[in-house]
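>>> can't give you the sequence, but here's the structure:
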């Protein structure tokens with residue numbers, strides 16, 4: 001059984017790279033082991049059954065072996081946001097960086113925030129596979145758009161056949177991904193039910209429904225404000241729509257270590273993203289005021305000044 005946040009007494013900082021993992025238990029001494037399951041299991045075995053919290057950074061997947069071993073040994077873990085850890089280190093005015101130093105800072109970061117750090121939980125394999133398939137489909141669609149633009153270029157006549165062959169291959173891969181995504185959703189009772197609920201919404205079709213299931217799996221469990229936050233869509237209040245309050249400034253959210261936030265933001269339509277940044281009609285009134293001011297300035301500049309008569313000089 002994993003230890004509760006109030007019972008945590010020691011913090012284990014782990015700096016993960018492609019080949020190695022550096023461990024620091026809060027002291028100056030650090031240990032570097034290979035990023036392999038057997039080596040990590042042997043190094044973390046003494047911490048099994050203790051009130052220890054392991055803190056590591058998100059490294060794009062290199063931490064998966066470490067998190068799997070920690071889950072196997074029932075050691076609670078927190079996968080930290082690299083941007084937050086970097087800001088935490090910068091707040092102390094420190095700039096030196098290597099694996100042992102990063103491991104010590106991760107241990108100190110966990111000591112200061114152990115009671116508030118969320119514990120890492122393994123993702124559902126079906127949901128994880130759906131996210132990978134949808135992300136791959138988005139990449140192929142972007143490549144298809146690039147090839148279509150190249151085909152329209154005036155100097156692409158000599159390579160037009162090659163571009164058309166590549167476009168046909170991309171179409172086959174996209175169709176295969178669509179079939180695999182539909183099969184995956186159909187085999188999962190939970191995903192099929194949620195997809196059916198999404199398809200009942202006007203405007204949500206067979207392409208958008210899997211996309212929403214992959215990039216926003218929290219749909220159905222959050223209210224409109226909570227679901228708008230990870231998508232960078234903060235709904236304006238009714239008083240803001242009526243112009244009684246000044247619009248709030250758009251807050252920049254910290255980057256998501258899993259990359260889901262990037263996928264969410266690029267999946268949103270551009271018009272919707274623009275409306276989220278502008279936030280209501282108050283920005284429209286500001287634009288109208290700027291245009292009126294510019295027109296007034298132009299009229300004032302081009303307005304003819306009345307001629308002044310010269311005074312007759314006495315002879």
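Noted; the coordinates are in hand. Everything numeric here is computed off the predicted structure, so don't read it as measured data. Residues are numbered from 1 along each chain as shown.
>>> where does the stretch 101-250 of the chain have low pLDDT?
Within the stretch 101-250 of the chain, the ranges that satisfy pLDDT under 70 run 220, 224, 226-250.
>>> now with 50, please.
Counting by pLDDT under 50, the low-confidence segments of the stretch 101-250 of the chain come to 238-239, 242, 244-250.
>>> can I assume residue 195 is in contact with residue 208?
No: using Cβ atoms under 8 Å, residue 195 makes no contact with residue 208, being 10.4 Å away. Glycine gets a C-beta too; all of them are placed from N, C-alpha and C.
>>> the two: which has the busier surroundings?
Neighbours per residue (other Cβ atoms under 10 Å) separate residue 195 from residue 208, with residue 195 holding more: 21 against 14.
>>> tell me the secondary structure at that one.
Following DSSP: H, G, I helix; E, B strand; the rest coil, we place residue 195 in the helix state.
>>> which residues sit in contact with it?
Each residue near residue 195 by Cβ atoms under 8 Å, 6 or more residues apart in numbering is listed here: 185, 209-210, 213.
>>> farthest pair within those residues?
185 and 209 (8.3 Å; Cβ to Cβ).
>>> how about the helices in the chain?
Remark: helices assigned in the chain by DSSP state H are 37-44, 64-72, 82-90, 99-113, 125-152, 160-187, 189-199, 208-215, 224-228, 238-241, 260-267, 270-278, 281-302.
>>> is it possible to export these to a markdown table including distance to residue 17?
Listed next are those as a markdown table, based on distance: least, Cβ to Cβ, whole Å:
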| stretch | distance to residue 17 |
| --- | --- |
| helix 37-44 | 13 |
| helix 64-72 | 11 |
| helix 82-90 | 13 |
| helix 99-113 | 7 |
| helix 125-152 | 23 |
| helix 160-187 | 32 |
| helix 189-199 | 35 |
| helix 208-215 | 28 |
| helix 224-228 | 35 |
| helix 238-241 | 47 |
| helix 260-267 | 22 |
| helix 270-278 | 35 |
| helix 281-302 | 45 |
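>>> and the ones you listed: which comes nearest residue 12?
helix 99-113 (6.7 Å).
>>> mind listing what's buried in that closest one?
By neighbour count on 16 or more other Cβ atoms under 10 Å, the buried set for helix 99-113 is 99-110.
>>> for those residues, give me JSON lines that also has distance to residue 58.
Listed next are these as JSON lines, based on distance: Cβ to Cβ, whole Å:
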{"residue": "99", "distance to residue 58": "16"}
{"residue": "100", "distance to residue 58": "20"}
{"residue": "101", "distance to residue 58": "18"}
{"residue": "102", "distance to residue 58": "13"}
{"residue": "103", "distance to residue 58": "15"}
{"residue": "104", "distance to residue 58": "19"}
{"residue": "105", "distance to residue 58": "15"}
{"residue": "106", "distance to residue 58": "12"}
{"residue": "107", "distance to residue 58": "17"}
{"residue": "108", "distance to residue 58": "18"}
{"residue": "109", "distance to residue 58": "13"}
{"residue": "110", "distance to residue 58": "15"}
